[in-house]
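Novice: Here's my sequence, what's the structure:
(one chain, ligands or ions: 2)
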Amino acid sequence: MTGYGSLYGGWRDDPLSYWGAQASRVDWTTPWTAVFDENAGPYGRWFPGGWLNTSHNCLDRHVDAGAGDRPALIWDSAMTGEVVTHTYRELRDRVAKVAGALAAVGVTRGDRVVIYMPMIPEAAIAMLACARLGAVHSVVFGGFAASELAARIDATRPQAIIAASCGLEPGRVVAYKPVLDDALEVAGHRPKACFVLQRPQSIAELAPGRDHDLLAAENAAAPHDPVPVAATDPLYILHTSGTTGRPKGIVRDNGGHAVALSASIPTIFGLREGDVYWAASDVGWVVGHSYIVYAPLLAGLTSVMYEGKPVGTPDAGAFWRVIDRHKVNVLFTAPTAIRAIRRQDPDLGLMARHDISSLQAVFLAGERCDPPTATWLQSRIDRPVIDNWWQTETGWPITARFRGVGLTPFKPGSGGRPSPGFDVAALDDSGALLPAGETGNLALRLPLPPGCAPTLWDDDEGYRASYLDDFPGWYRTGDAGYVDAEGDVWVLGRTDDIINVAGHRLSTGAMEEVLAAHPDVAECAVIGAEDPLKGEAPIGLVVLKAGVRRDPDVVQNELVEMVRNRIGAVASFRTAVVVDQLPKTRSGKILRRTLRDLANGGPVQVPPTIEDPGVVERLRLAFPTSDAQSVR
Ligand code: COA
Ligand code: AMP
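Specialist: Residues are numbered from 1 along each chain as shown. Ligands and ions are numbered 1, 2, ... in the order given. I've put the predicted structure just below:
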């Protein structure tokens, strides 16, 4: 057996030897005593007894091996027109000094540090500086509003916060520092210090005693050496949407993460030291953590960090320009970005203006890739397009096509085959295995491989309840789909109330909490409707309290503004509709599936348990069918 079969078979036949061998890709200060301890944590822990430092493995190791002059991080900003390259040595030196600045305000191993920054090199430097000290970073995506930032500050209780004065979105400067100040007003927790990277586009006011200029602090600091940490110590917390309004604090450890990500570069991405890798994501998301910062640096690649959009900064040729300029070998992006480019440049005329001969493959993840987009891209660029399925929780692809060992077949719409470490199955609602081709709950057999979340922050019980209790022996992904006869996995959508808007994972429950807080709203539902660009877009339906006589348009506008202010622009919540009644079961449960069907304009499933079948017809008329009916 060769290729994928032997790679996957090698793991399946002897998982512990497989991971033990992969662990040699990483420098350990103290070797682990066991590959896996099944008795620790909610389902076990990887590499107990081992000690290492992730920043050493990302930086110092390569400098010590003579690669100090190799570009480590190339920052290309379509927003400012700048390109800044840090070699491995330069990046190590800056990281060591920022670590020194954090240490100077008392940050030590195990302390948390919140990072609220746009796509600038200092975001990666801040993350790696935390890793150097054994401090636990918690990056908050820039598109979130102050209350979301405050919730994450209270959940992680950071010793310090590292922010930028602003982010740059097309046509506007997004001032981050006032958002941070607002969040700190709301949050119960007080950090000891805030460091602010002053960008020239908006200079922030610094609060004396609390706020420090990041660059000045970096310059004044003594470089800090990497601090060895236990393999099982947390490297970071990343909050992601759950089914309720409260986000989940996904924990990543140091040892398993370094091993899994190091192994993923040669096997899944087919790259080796010195290759140029570009993940066009954001450091605020898991793809940004894993594939802008950690994996490329662990593997000695050159990572491109891009501040800009696929379209409009200035045009739909932006991706090809970056690939040409930096000789990118592999691009990783979200299907939404490709749909946006296709919409504006359907014949890829802008691509023809650039030399993209360095490009070997495009990886797509973050949301389901519709087959026409995958097929269009592969035929137009004449390179493999590799859909890969994963989640914040797993930290690296559950399924892919494995460039390193010979690609598995291109099946548009499928996420590919399981990575070594993942045993994927579709289960029925009682937990029984479904035969090939039958759709059910996609689940991963325990234990999860290294690199996956071992637990939730401060909440082992919550982890068990969210992922492990429904199907004993399995991790419930929350995705629906099936495994075909050849072993390819097809992910069809979520089984819960999470929606995926432009590759951003959002909770409809969180949006419902905001709508329900409006004084005129009696009840509400938020659903994800199909959207040709963003995959899904949220629509809010509200029933007003009896006796409220206000203009529905005014209420609708207020609701849109409330979601923007409380969750953030990233929610893309643009449509709220006032309706007379919501469809419900006789026991009072809102029929969200029926609402989704209505929004998508297709056949509507009306369950026999519906309280009042007439409500569906009345709602059909109220539903937004054109932009004219949407609020923004
Ligand atoms: N900081 C502040 N605001 C942000 C932000 C950030 N980091 N990221 C997005 N926003 C804002 C946007 O400016 C926009 O605001 P607006 O409502 O005032 O226009 C809003 O959040 C929605 O953003 P987005 O969903 O990204 O839509 P867009 O219209 O700005 O761009 C695309 C559309 C397709 C270009 C964009 O969604 C895209 O590049 N998607 C790919 C996503 C991706 O790579 N995801 C990573 C998963 S791997
Ligand atoms: P996130 O945690 O933000 O990475 O979002 C994870 C969710 O995005 C998954 O549970 C899926 O619903 C969806 N997703 C990610 N990648 C894919 C993919 N390749 N195909 C289908 N859905 C995907």
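Novice: going forward, measure contacts and count neighbours with C-alpha atoms only.
Specialist: Fine.
Novice: how near is residue 578 to ligand 1?
Specialist: 21 Å (C-alpha to the nearest ligand atom, to the nearest Å).
Novice: do residue 529 as well
Specialist: Counting by C-alpha to the nearest ligand atom - residue 529 and ligand 1 are separated by 14 Å.
Novice: next one: phi and psi at that residue?
Specialist: Main-chain torsions, residue 529, degrees, to the nearest 10: phi -100, psi 150.
Novice: do residue 115 as well
Specialist: The phi/psi pair for residue 115 (degrees, to the nearest 10) is phi -120, psi 120.
Novice: And the strands in the stretch 451-600 of the chain, which stretches?
Specialist: 474-483, 489-494, 498-501, 504-507, 521-531, 535-544, 575-578 (DSSP state E, counting those that start in this stretch).
Novice: Could you export these as JSON lines, including mean neighbour count and mean pLDDT?
Specialist: Below are the strands of the stretch 451-600 of the chain laid out as JSON lines (neighbours: other C-alpha atoms under 10 Å; pLDDT from 0 to 100):
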{"stretch": "strand 474-483", "mean neighbour count": "22", "mean pLDDT": "97"}
{"stretch": "strand 489-494", "mean neighbour count": "21", "mean pLDDT": "95"}
{"stretch": "strand 498-501", "mean neighbour count": "24", "mean pLDDT": "94"}
{"stretch": "strand 504-507", "mean neighbour count": "22", "mean pLDDT": "93"}
{"stretch": "strand 521-531", "mean neighbour count": "20", "mean pLDDT": "95"}
{"stretch": "strand 535-544", "mean neighbour count": "23", "mean pLDDT": "96"}
{"stretch": "strand 575-578", "mean neighbour count": "23", "mean pLDDT": "94"}
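Novice: Which of these sits closest to residue 159?
Specialist: strand 504-507 (27.6 Å; C-alpha to C-alpha).
Novice: same for that closest one, what does it pack against?
Specialist: Packed against strand 504-507 by the contact rule (3 or more C-alpha pairs under 8 Å, 6 or more residues apart in numbering; DSSP states H and E) you find strand 498-501.
Novice: 10 Å - rerun?
Specialist: Using 3 or more C-alpha pairs under 10 Å, 6 or more residues apart in numbering; DSSP states H and E, the elements in contact with strand 504-507 are strand 234-240, strand 498-501, strand 521-531, strand 535-544.
Novice: circling back to that earlier point, would CSV of the strands of the stretch 451-600 of the chain with distance to residue 103 be doable?
Specialist: What follows is those, written out as CSV (distance: least, C-alpha to C-alpha, whole Å):
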stretch, distance to residue 103
strand 474-483, 38
strand 489-494, 42
strand 498-501, 38
strand 504-507, 34
strand 521-531, 44
strand 535-544, 43
strand 575-578, 46
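Novice: Quick check: which of the ones you listed is nearest to residue 452?
Specialist: Among these, strand 474-483 sits nearest to residue 452 (C-alpha to C-alpha), with 11.0 Å.
Novice: Figure out which of the strands of the stretch 451-600 of the chain is closest to residue 137.
Specialist: Counting by C-alpha to C-alpha, and looking across all of these, nearest comes strand 504-507 at 20.1 Å.
Novice: The closest one and ligand 2 in contact?
Specialist: Yes: Strand 504-507 reaches ligand 2 (C-alpha under 6 Å from any ligand atom) through 504, 505.
Novice: got the helices and strands packed on strand 504-507 as a markdown table, with distance to residue 68 columns?
Specialist: What follows is those, written out as a markdown table (distance: least, C-alpha to C-alpha, whole Å):
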| stretch | distance to residue 68 |
| --- | --- |
| strand 234-240 | 24 |
| strand 498-501 | 40 |
| strand 521-531 | 46 |
| strand 535-544 | 42 |
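Novice: which stretch among the strands of the stretch 451-600 of the chain comes nearest residue 458?
Specialist: Closest among the strands of the stretch 451-600 of the chain, using C-alpha to C-alpha: strand 474-483, at 19.0 Å.
Novice: List the neighbouring strands of the closest one plus their orientation.
Specialist: strand 440-445 (antiparallel), strand 489-494 (antiparallel) (DSSP bridges).
Novice: And these: which comes nearest residue 63?
Specialist: strand 440-445 (37.9 Å).
Novice: can you list the residues that contact that closest one?
Specialist: 398, 418, 421-434, 467-468, 471-483, 489-492, 494-495 (C-alpha atoms under 10 Å, 6 or more residues apart in numbering).
Novice: Where is the longest helix in the chain?
Specialist: Using DSSP state H to define each element, the chain has its longest helix at helix 88-104.
Novice: Looks like residue 42 contacts residue 455 (just checking).
Specialist: Yes: at 6.7 Å, residue 42 counts as touching residue 455 under the criterion of C-alpha atoms under 10 Å.
Novice: quick one: which of the two has more around it?
Specialist: Neighbours were counted for residue 42 and for residue 455 using other C-alpha atoms under 10 Å; residue 455 has more, 25 against 19.
Novice: what stretches of this protein score poorly on pLDDT?
Specialist: Across the chain, the ranges flagged by pLDDT under 70 are 1, 624-632.
Novice: Outline the domain layout of it.
Specialist: 3-239+250-308+388-482, 497-631 (automatic domain parsing).
Novice: got the residues of the stretch 301-450 of the chain near ligand 1?
Specialist: Residues of the stretch 301-450 of the chain lying near ligand 1 (C-alpha under 6 Å from any ligand atom): 309, 310, 311, 333, 334, 336, 337, 340, 365, 366.
Novice: How about the contacts made by the residue of the chain most remote from its centre?
Specialist: The centre of the chain is farthest from one residue, residue 547, which by C-alpha atoms, centre = their mean lies 43.1 Å away. Contact analysis of residue 547 by C-alpha under 10 Å, 6+ apart lists residue 520.
Novice: Please tell me how far it sits from ligand 2.
Specialist: Taking C-alpha to the nearest ligand atom, one finds residue 547 at 40 Å from ligand 2.
Novice: roughly how far apart are that residue and residue 519?
Specialist: From residue 547 across to residue 519, the span is 12 Å (C-alpha to C-alpha, to the nearest Å).
Novice: Then residue 308?
Specialist: Counting by C-alpha to C-alpha - residue 308 and residue 519 are separated by 38 Å.
Novice: Have a look at these two and say which one is more surrounded.
Specialist: More crowded of residue 308 and residue 519, by other C-alpha under 10 Å: residue 308, with 23 against 10.
Novice: wouldn't that one be in contact with residue 168 here?
Specialist: Yes: contact criterion C-alpha under 10 Å: residue 308 and residue 168 qualify, at 8.3 Å.
Novice: In contact with residue 207, which residues?
Specialist: Contacts of residue 207 by C-alpha under 10 Å, 6+ apart are 181, 194.
Novice: oh sorry, the question was meant for residue 420
Specialist: 4, 7-12, 15, 18-19, 260, 263-264, 267-268, 397-399, 449.
Novice: Quick one: neighbours of the closest residue in space to residue 329 that isn't next to it in sequence, just the number.
Specialist: Counting by C-alpha to C-alpha, 6 or more residues apart in numbering, residue 359 is the residue found nearest to residue 329 once chain neighbours are left out, at 4.3 Å. Counted with other C-alpha under 10 Å, the neighbours of residue 359 add up to 19.
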